[in-house]
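> here are the coordinates; sequence isn't available:
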């Protein structure tokens with residue numbers, strides 16, 4: 001897809017965007033992050049800390065050394081729990097979520113070099129729409145559960161591959177959405193929107209006379225009002241960390257096309273059978289989902305402001321499929337998406353959930369500074385050896401260690417990771433996943449390890 005055409009430059013990009021190389025586009029995006037004249041910092045000290053932290057992150061993207069190893073603390077829901085606010089409450093009572101994060105930031109942000117944000121999944125919206133893809137505290141999970149849980153199902157039937165491939169928007173609206181949102185079930189009554197070419201028949205508009213459709217539309221209005229209420233409370237504090245000296249990298253989330261198909265549409269058991277029974281349809285659907293992923297992000301009005309695309313990788317992990325299946329079904333469509341974004345200067349951040357030890361060599365094919373990896377359980381020394389010259393790497397600290405381990409054990413584990421991975425830059429100390437209620441002293445131990453062992457000598 002061209003971001004610049006004969007009709008003129010796309011808003012938000014330089015006029016010569018189409019002539020710029022991927023490396024030039026990437027530099028433009030990172031330089032844009034460093035343009036901070038519009039930020040009104042609370043103090044000169046906050047501005048200096050912001051720049052130091054941001055340059056540290058950019059050096060990580062560039063696979064270079066800066067002053068020290070960056071650290072991404074797995075704080076999770078600790079800011080809520082420390083002040084008596086469980087995840088359920090944070091999802092429904094936005095004022096309490098804001099108050100808890102404010103207290104946390106006042107007490108710990110300077111010490112931990114971390115700014116807590118009160119945003120959480122709005123529980124009332126999921127209630128109103130009867131959302132079926134998640135279980136959450138008080139809705140399928142105990143009231144004191146620490147987060148949401150994905151509910152897998154066969155949300156796309158095997159006979160619907162052609163529907164998805166032929167007209168994805170129609171499939172999404174009239175078949176998929178009514179299955180994952182009970183509140184949107186009346187969408188099944190709509191006719192195919194592509195039938196409305198010029199003459200709109202009364203039959204096509206008559207669906208709006210259906211009381212169930214009217215009730216659904218009124219419910220969507222209520223959903224919009226709930227979002228307005230949420231943002232009126234959370235909006236004023238969402239960017240408060242920036243002026244205090246805590247930068248964030250503007251990013252969008254994508255999924256590997258095979259994961260979109262296997263996680264959210266077909267489900268694990270069906271997609272495993274599909275790879276054997278109808279491999280051509282799986283590949284065709286993955287290619288279609290790749291195009292949709294590329295298009296949705298690059299055509300977004302927010303695209304000029306993005307720097308990173310992040311992917312949670314699921315079914316490509318070690319042991320889920322063979323290497324041959326990975327090379328056939330998983331990697332080509334994911335690589336297609338990544339290359340399209342790299343061409344537009346966007347850094348690719350791959351969260352390799354589980355272990356990716358057997359995949360590292362086959363994934364090492366991108367230019368320096370275009371890809372970073374967050375590893376859950378992979379061998380970090382091997383990852384550094386295979387990927388470290390061109391890719392940023394992070395992760396591997398077990399969540400169990402941050403929750404149940406001692407501060408001394410955490411610090412020792414971090415020391416070993418730094419020794420294995422920090423040389424030459426391109427390394428961030430991080431956990432393999434975000435823990436529920438990690439120990440405060442273990443977060444301190446992570447930061448202490450970086451300050452003691454992760455300093456780069458000039």
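Now that the structure is in, tell me what you want to look at. Values in this document were obtained by computation on a predicted structure and should not be read as measured data.
> my guess is residue 65 meets residue 427, correct?
No - checked against Cβ atoms under 8 Å, the pair residue 65 and residue 427 is beyond contact range at 9.3 Å. (C-beta placed from N, C-alpha, C; glycine too.)
> higher neighbour count, those two?
residue 427 (26 against 19; other Cβ atoms under 10 Å).
> unless I'm mixing things up, that one is touching residue 396, no?
No - the pair formed by residue 427 and residue 396 falls short of the contact definition of Cβ under 8 Å, at 10.9 Å.
> Next, the buried residues of stretch 11-19.
Applying a neighbour-count criterion of 16 or more other Cβ atoms under 10 Å, the buried positions in stretch 11-19 are 13, 17.
> repeat for stretch 75-86
Buried positions in stretch 75-86, judged by neighbour count with 16+ other Cβ under 10 Å: 75, 76, 77, 78, 79, 80, 81, 82, 85, 86.
> Adding pLDDT as columns, could you present those in CSV?
Formatted as CSV, the entries for these read as follows, by pLDDT from 0 to 100:
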residue, pLDDT
75, 96
76, 93
77, 93
78, 95
79, 96
80, 95
81, 94
82, 96
85, 95
86, 93
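> In strands, which of these appear?
Secondary structure assignment by DSSP state E places none of the buried residues of stretch 75-86 in strands.
> Which ones among those residues map onto helices?
If you go by DSSP state H, the buried residues of stretch 75-86 have 78, 79, 80, 81 in helices.
> wait, which of those residues is closest to residue 365?
Lowest distance from residue 365 to these (Cβ to Cβ) belongs to residue 78, with 38.2 Å.
> Hmm, that closest one is touching residue 437, no?
Yes - contact between residue 78 and residue 437 holds when scored by Cβ under 8 Å: they sit 5.9 Å apart.
> that older thread, mind giving me JSON lines with the ones in helices among the buried residues of stretch 75-86 and columns for distance to residue 170?
Shown next, in JSON lines, are those (distance: Cβ to Cβ, whole Å):
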{"residue": "78", "distance to residue 170": "44"}
{"residue": "79", "distance to residue 170": "43"}
{"residue": "80", "distance to residue 170": "41"}
{"residue": "81", "distance to residue 170": "44"}
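> Could you point out the member of those residues that lies closest to residue 40?
Each of those was checked against residue 40 using Cβ to Cβ; the closest is residue 79, at 24.7 Å.
> Was I right to think that closest one contacts residue 102?
No - applying Cβ under 8 Å, one finds residue 79 not in contact with residue 102, separated by 9.3 Å.
> can you tell me how far residue 268 sits from residue 110?
44 Å (Cβ to Cβ, to the nearest Å).
> whoops, residue 374 was the one
26 Å.
> what residues are up against residue 292?
Counting by Cβ atoms under 8 Å, 6 or more residues apart in numbering, residue 292 makes contact with residue 168.
> For it, what is the enclosing helix or strand?
In the assignment (DSSP states H and E), residue 292 maps to helix 279-298.
> What mean pLDDT does that helix get?
On average, the pLDDT along helix 279-298 is 97.
> What residues sit buried inside it?
281-283, 285-286, 288-294, 297-298.
> Over to stretch 110-117?
Residues of stretch 110-117 classed as buried: 112, 113, 114, 115, 116, 117 (neighbour count, 16+ other Cβ under 10 Å).
> can you check stretch 91-105 too?
Of the residues in stretch 91-105, those scored as buried under the neighbour-count criterion (16+ other Cβ under 10 Å) are 91, 92, 94, 96, 97, 98, 100, 101, 102, 104, 105.
> hang on, isn't the last one packed against residue 113?
Put plainly, it is residue 105. No - taking contact to mean Cβ under 8 Å, the distance of 11.6 Å between residue 105 and residue 113 leaves them out of contact.
> circling back to that earlier point, in JSON lines, list the buried residues of stretch 110-117 along with secondary structure, distance to residue 231 and pLDDT.
What follows is the buried residues of stretch 110-117, written out as JSON lines (DSSP: H, G, I helix; E, B strand; the rest coil; distance: Cβ to Cβ, whole Å; pLDDT from 0 to 100):
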{"residue": "112", "secondary structure": "helix", "distance to residue 231": "27", "pLDDT": "97"}
{"residue": "113", "secondary structure": "coil", "distance to residue 231": "27", "pLDDT": "97"}
{"residue": "114", "secondary structure": "coil", "distance to residue 231": "23", "pLDDT": "97"}
{"residue": "115", "secondary structure": "coil", "distance to residue 231": "19", "pLDDT": "97"}
{"residue": "116", "secondary structure": "coil", "distance to residue 231": "18", "pLDDT": "96"}
{"residue": "117", "secondary structure": "coil", "distance to residue 231": "13", "pLDDT": "93"}
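> Closest to the centroid, which residue in this protein?
The residue lying closest to the centre of the chain (Cα atoms, centre = their mean) is residue 253, at 4.0 Å.
> Skipping its backbone neighbours, what lies nearest that residue in space?
Setting aside the residues directly before and after it, residue 253 is nearest to residue 310 in space (Cβ to Cβ, 6 or more residues apart in numbering), at 5.5 Å.
> what's the neighbour count on the residue lying closest to residue 454 once chain neighbours are set aside?
Counting by Cβ to Cβ, 6+ apart, the nearest residue to residue 454 once its immediate chain neighbours are dropped is residue 69, at 3.3 Å. By the criterion of other Cβ under 10 Å, residue 69 has 26 neighbours.
> just the one 5 residues further on next, same as before
The burial metric for residue 74, expressed as a neighbour count using other Cβ under 10 Å, is 21.
> Go ahead and confirm it touches residue 435.
Yes - under the criterion of Cβ under 8 Å, residue 74 is in contact with residue 435, at a separation of 5.1 Å.
> Now do the shared contacts for the two.
The contact lists of residue 74 and residue 435 share 399, 402, where a contact means Cβ under 8 Å, 6+ apart.
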